[in-house]
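J.: A predicted structure for the sequence below; I have some questions about it.
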Amino acid sequence: MAYRGQEIVVMDLTGGQASNRPVTSLEQNQALEVDNVHSLPGGGIELRQGDTELTSVAFGSGAAWTGLEYFRLSDGTEFLVGVAGTAIGKIDYVGGVPDGTVDTLTGALVLTGGQDNLWTSFVAADEVYFVGGNTEPSFSWDGIAGTATAVGGSFPAGDFGFFHNNRIFVGIESTSELKHSTLTNIEDFSGVGSGTITVDSKNKQGLITAAPLNTDVVLLFKQNSIHQVITTAAPFSRFPLFRNIGAVGKKAIVVNEGIAYFITPQGRMKATNGATILDFPPDMDDVWDSIPKARLPFIVGYCDQGKNFRHIKWTVSASGGSDNSLSIIWDLDKKSWWKYSTGHDINAVTTDTSDNIVYAGHYDGKIYQKNVNNTFTDASEAGAGISGCWTWGWQTNNSFQISLHPQRLNVSLLGQTSGELRIQYGFDFISNTKTEDVSMQLTGGIWDTAVWDVAEWGGQTDIIRNIFIFGRGNAFQVNFLNKIPGTPFRVNGFTIAGKPTAQKEFIAP
């Protein structure tokens, strides 16, 4: 920490939240709290983007979405298909984008409602399949018929399903069985070439979910064990991989680049490539521990990649909540934890793989598009502006005997068309005792808005704002946030200069 004329330079703010650490032992690039901001490749942080309504009318009588799948036919026709309450619906694409109108596909199918009856879904042979719900009959839709239909014949009801190596697989939790179809008919589960794999029948815990890692390998998860199946040729062989570790729920697993990230029944993220178990920093274990244990099985995970980020996101129930409302994020590039406390009441999610757009089904019967460019409000929260913050850990000189007297704070910002950045600081573990608001607007005209040959041009995109710091103490903390919710901001770094005169030192009596 800066003192006696020294200066501290912080150009890396990408260490994420480390609230599980003692408040004075964070790394310099870590924050005691982050909310609704994410890291940037250059080392800064910026406010996340918000969401917009895809469907303005609630579907399924306003019940929670429990399944959602992006469905693209071989001829290029695209749909979003999902389940809300007891209703099945689809959204057509027009001009490459979903039109926002949900058409009913329920037909004669009778489903059990309930926000926790989550469906798994997949596309195979130009049909979209849904398996799970409340262990109800699996159903499919071919993109043409007016209604979805139950998959008949020997196709089993199950808790989860997936398509892999030209076969459909259906897992049954209660019996720990994984059933697979024939190679010639993906809906035939009784013909030659079909079969059943029983996964560790002596282990009384059920089969939870599966993770296809590549074209030949599938990982099977129970709550306390992980197994491997090689699907090159039937009959398939199963091998136990790991004991005393597993997954907590059917949506509590995300596969990215050959690695399966999963949440354990203890509320910890682990990962495996099929050879070893990967651990992660415990810096946000306090947040994981705040999730109601009864809600852990209903975590919904997904991979989200935008212009400046690659994230594994887990939508979970906040402390005391009964719905998923909090997003806990692992930054794949910066290897750090982040969180979004608003805008993520997600119960079902899918990604339009042609455009890499995330669509999420919420508890209100509506679907929202996430990460909308230049949008800093959440339609899912009645259009509320997004509030973001980055709060530094408490800084000391590795001793509480030396008094700190930072004199000046210089902040590097990306210039905005308007708005103010709020800077708060405090001493000796009393946060935010002082507040300064600085303009984020560029000096001079802004390109494409000012009048040519009239305006005075600023000629820059980044700006530096300075404030004087008043006070002293043995520990110091600073906090950056947008003064008005919905105002975008980007902090690239900051420096703190210490007072040049000598400081008093504490001398023990």
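T.: Arrived safely, thanks for sending.

J.: C-alpha from now on. contacts and neighbour counts both.
T.: Will do.

J.: mind listing the strands for the stretch 351-500 of the chain?
T.: Using DSSP state E, counting those that start in this stretch, the strands found in the stretch 351-500 of the chain span residues 357-362, 367-369, 377-378, 384-385, 389-392, 406-414, 420-427, 430-439, 462-468, 476-482, 490-498.

J.: which residues of the stretch 401-509 of the chain score low on pLDDT?
T.: 444-460, 500-509 (pLDDT under 70).

J.: sorry, back to before: can you redo the strands of the stretch 351-500 of the chain as TSV with mean neighbour count?
T.: TSV is the format used below for the strands of the stretch 351-500 of the chain (neighbours: other C-alpha atoms under 10 Å):
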stretch	mean neighbour count
strand 357-362	24
strand 367-369	26
strand 377-378	24
strand 384-385	18
strand 389-392	24
strand 406-414	21
strand 420-427	21
strand 430-439	15
strand 462-468	15
strand 476-482	23
strand 490-498	22
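
J.: for those strands, which one sits closest to residue 341?
T.: Among the strands of the stretch 351-500 of the chain, the nearest to residue 341 by C-alpha to C-alpha is strand 389-392 (11.0 Å).

J.: what residues go with each domain of the protein?
T.: 7-48+389-498, 52-385 (automatic domain parsing).

J.: Lowest average pLDDT across those?
T.: The weakest mean pLDDT among these belongs to domain 7-48+389-498, with a mean of 90.

J.: mind putting the strands of the stretch 351-500 of the chain in CSV, distance to residue 106 included?
T.: Converted to CSV, those look like this (distance: least, C-alpha to C-alpha, whole Å):
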stretch, distance to residue 106
strand 357-362, 17
strand 367-369, 18
strand 377-378, 30
strand 384-385, 34
strand 389-392, 44
strand 406-414, 50
strand 420-427, 50
strand 430-439, 54
strand 462-468, 54
strand 476-482, 45
strand 490-498, 46
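
J.: Nearest approach to residue 166 belongs to which of these?
T.: When the strands of the stretch 351-500 of the chain are compared by C-alpha to C-alpha, strand 357-362 sits nearest residue 166, at 26.4 Å.

J.: So which other helices or strands are in contact with that closest one?
T.: Counting contacts by 3 or more C-alpha pairs under 8 Å, 6 or more residues apart in numbering; DSSP states H and E, strand 357-362 packs against strand 65-72, strand 346-352, strand 367-369.

J.: What number of residues are in the vicinity of residue 83?
T.: With neighbours defined by other C-alpha atoms under 10 Å, the count for residue 83 comes to 30.

J.: how close does it get to residue 120?
T.: Residue 83 sits 10 Å away from residue 120, going by C-alpha to C-alpha, to the nearest Å.

J.: Spell out which residues are contacts of both of those two.
T.: Common neighbours of residue 83 and residue 120, using C-alpha atoms under 8 Å, 6 or more residues apart in numbering, are residue 67.

J.: For residue 188, give me its contacts.
T.: 153-155, 181-182, 194.

J.: and if we set it to 7 Å?
T.: Applying C-alpha atoms under 7 Å, 6 or more residues apart in numbering, we find residue 188 in contact with 154-155, 181-182.

J.: And the helices in the stretch 51-200 of the chain, which stretches?
T.: Counting by DSSP state H, counting those that start in this stretch, the stretch 51-200 of the chain forms no helices at all.

J.: Strands along that one, start to end?
T.: In the stretch 51-200 of the chain, the segments counted as strands under DSSP E, counting those that start in this stretch are 52-53, 65-72, 78-84, 87-94, 97-104, 119-124, 127-132, 136-141, 149-150, 160-164, 167-172, 177-180, 195-198.

J.: other SSEs contacting the fifth one?
T.: With contacts defined as 3 or more C-alpha pairs under 7 Å, 6 or more residues apart in numbering; DSSP states H and E, the packing partners of strand 97-104 are strand 87-94.
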